[in-house]
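Q: following is a predicted model, sequence given first.
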Amino acid sequence: MKKWITSVFIAMAVMMAFTTTSMAEDTITEFRIGVLGGENASDRLRSNECVRAQIEALLGVPTKIYAPADYNGVIEGLLGGNLDMAWLGASGYAKVYLTNPDIVEPVLVKINNDGSFGYYSVGFARVDSGIDSLDDMKGKMFGFGDPNSTSGYLIPSIEIPQSGYSMKPGEYFKDVVFTGGHEQTIVAVFNGDIDAGVTWADGLGEWVDGYNSGALRKAADAGLVT
């Protein structure tokens, strides 16, 4: 696959973990962790099992991971008191905080290998598509991930129009669609269902590997794309 934007979209916030205020109670009998969409549910559960096991050992209570189909499932889980912790991007946290600022508290941040804690929204297309920039996307299909994703929607949905390309379907792009998540966007581009899309990466390491971390790296490691 080919990257065609490397630095236009930078997600200006960190990926954070948040706990609900219910954790202030003296006694808990269960701890529930929400994991945002981005890859299929089984992979999310598997890749976070080490976190679940360590938290369960530390707290001494049953600990479960929940992987809703979309970002909103985690957001509503926090707001409804059905989750005790979740990893959130800036947009997801903002939605929770703006709805109820007393329900969440930031406690952790993802640190990159170089000590930084930002990440990028990266546009990409197939190598054989002939697409090297947004200029090549006129009349083609563009895909976002989830409407509550910072890198998969919020930042590029602002940056692209500011760069002079209308996001209204039919005006510049043939259509603009939501795929459902980062992994779904990557697979949709790879399969030719859409011509290009956006996802997240730390921007460190080699592009050929999908960088050091992010949805592209997970997809490459899983053998979904090269």
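A: Received the coordinates, thanks.
Q: got the contact list for stretch 179-190?
A: Here stretch 179-190 makes contact (CB atoms under 8 Å, 6 or more residues apart in numbering) with 1, 37-40, 69-70, 124-126, 143-146, 149, 152, 194-200, 215-216, 218-219, 224-225. Just so you know, the C-beta spots here come from the backbone N, C-alpha and C atoms, and that holds for glycine as well.
Q: hmm, try it at 6 Å
A: With contact meaning CB atoms under 6 Å, 6 or more residues apart in numbering, stretch 179-190 is reached by 37-39, 143, 145-146, 152, 194, 197, 199, 215, 219, 225.
Q: now those residues as JSON lines including neighbour count and distance to residue 104?
A: Shown next, in JSON lines, are these (neighbours: other CB atoms under 10 Å; distance: CB to CB, whole Å):
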{"residue": "37", "neighbour count": "25", "distance to residue 104": "19"}
{"residue": "38", "neighbour count": "29", "distance to residue 104": "20"}
{"residue": "39", "neighbour count": "22", "distance to residue 104": "23"}
{"residue": "143", "neighbour count": "24", "distance to residue 104": "29"}
{"residue": "145", "neighbour count": "30", "distance to residue 104": "22"}
{"residue": "146", "neighbour count": "26", "distance to residue 104": "19"}
{"residue": "152", "neighbour count": "33", "distance to residue 104": "21"}
{"residue": "194", "neighbour count": "24", "distance to residue 104": "33"}
{"residue": "197", "neighbour count": "27", "distance to residue 104": "29"}
{"residue": "199", "neighbour count": "31", "distance to residue 104": "25"}
{"residue": "215", "neighbour count": "26", "distance to residue 104": "24"}
{"residue": "219", "neighbour count": "23", "distance to residue 104": "29"}
{"residue": "225", "neighbour count": "16", "distance to residue 104": "34"}
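Q: rebuild the residues you listed as JSON lines, extending it with secondary structure.
A: Formatted as JSON lines, the contacts of stretch 179-190 follow (DSSP: H, G, I helix; E, B strand; the rest coil):
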{"residue": "37", "secondary structure": "coil"}
{"residue": "38", "secondary structure": "coil"}
{"residue": "39", "secondary structure": "coil"}
{"residue": "143", "secondary structure": "strand"}
{"residue": "145", "secondary structure": "coil"}
{"residue": "146", "secondary structure": "coil"}
{"residue": "152", "secondary structure": "helix"}
{"residue": "194", "secondary structure": "coil"}
{"residue": "197", "secondary structure": "strand"}
{"residue": "199", "secondary structure": "strand"}
{"residue": "215", "secondary structure": "helix"}
{"residue": "219", "secondary structure": "helix"}
{"residue": "225", "secondary structure": "coil"}
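Q: out of those, which comes closest to residue 81?
A: residue 37 (20.7 Å; CB to CB).
Q: give me the below-cutoff pLDDT ranges for this structure.
A: 1-26, 38-39 (pLDDT under 70).
Q: quick one, domains of it?
A: Annotated domains of the chain cover 2-12+115-221, 16-109 [automatic domain parsing].
Q: mean neighbour count, those domains: which tops it?
A: Counting by mean count of other CB atoms under 10 Å, domain 2-12+115-221 has the highest mean neighbour count of these, with a mean of 19.
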